[in-house]
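[1] here is my input; please provide its structure:
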Amino acid sequence: MEALRYIYFLKPEGTVITNTRLIHHPYETENFVKGKIDKYVTYDEIVENIKKSGAKLYEIDALKLAEEAGTALAQNVVLVGALTALPDFPIDKEAMLEAVKASVPEKAMEANVKAFELGYEAMKVLL
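    Residues are numbered from 1 along each chain as shown. The predicted model follows:
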């Protein structure tokens, strides 16, 4: 949803990597509960609008991959791994992996490294 909310910042024909797990914004939930909107936006509606923008869209099931790595909390690291696999991404894989290692506690290191690698490999399959 955040990808669509800020799509106007994307350069023409830019790239969007999105998690297939839709998390509704708290304001959307508030408006739904208060009856200001009739329904939540769907994932398909978001994807359709991102595609209409002309963006290159890559969809990654980050929750599934993070759980495979050992923790659902590593969804963002899955997406960082996916980003790193893009051919035009300016930072090499090893530097990004070192940045991930430097930013997580020791007890979460193994799961986050695996999450990064799973995201990286998932993107390679999509390319």
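
[2] so, low pLDDT: which residues of this structure?
    1 (pLDDT under 70).

[3] show me where it has its helices.
    2-5, 26-33, 43-52, 62-69, 75-84, 93-103, 109-126 (DSSP state H).

[4] and Glu13, which of those is closest to it?
    helix 43-52 (11.9 Å; Cβ to Cβ). Where C-beta positions appear, they are placed from N, C-alpha and C, glycine not excepted.

[5] please identify the buried residues of that closest one?
    Residues Ile46, Val47, Ile50 are the ones in helix 43-52 that count as buried (16 or more other Cβ atoms under 10 Å).

[6] picking that back up, can you add distance to Gly14 and give the helices of the chain back as JSON lines?
    Shown next, in JSON lines, are those (distance: least, Cβ to Cβ, whole Å):
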{"stretch": "helix 2-5", "distance to Gly14": "11"}
{"stretch": "helix 26-33", "distance to Gly14": "24"}
{"stretch": "helix 43-52", "distance to Gly14": "10"}
{"stretch": "helix 62-69", "distance to Gly14": "20"}
{"stretch": "helix 75-84", "distance to Gly14": "13"}
{"stretch": "helix 93-103", "distance to Gly14": "19"}
{"stretch": "helix 109-126", "distance to Gly14": "16"}
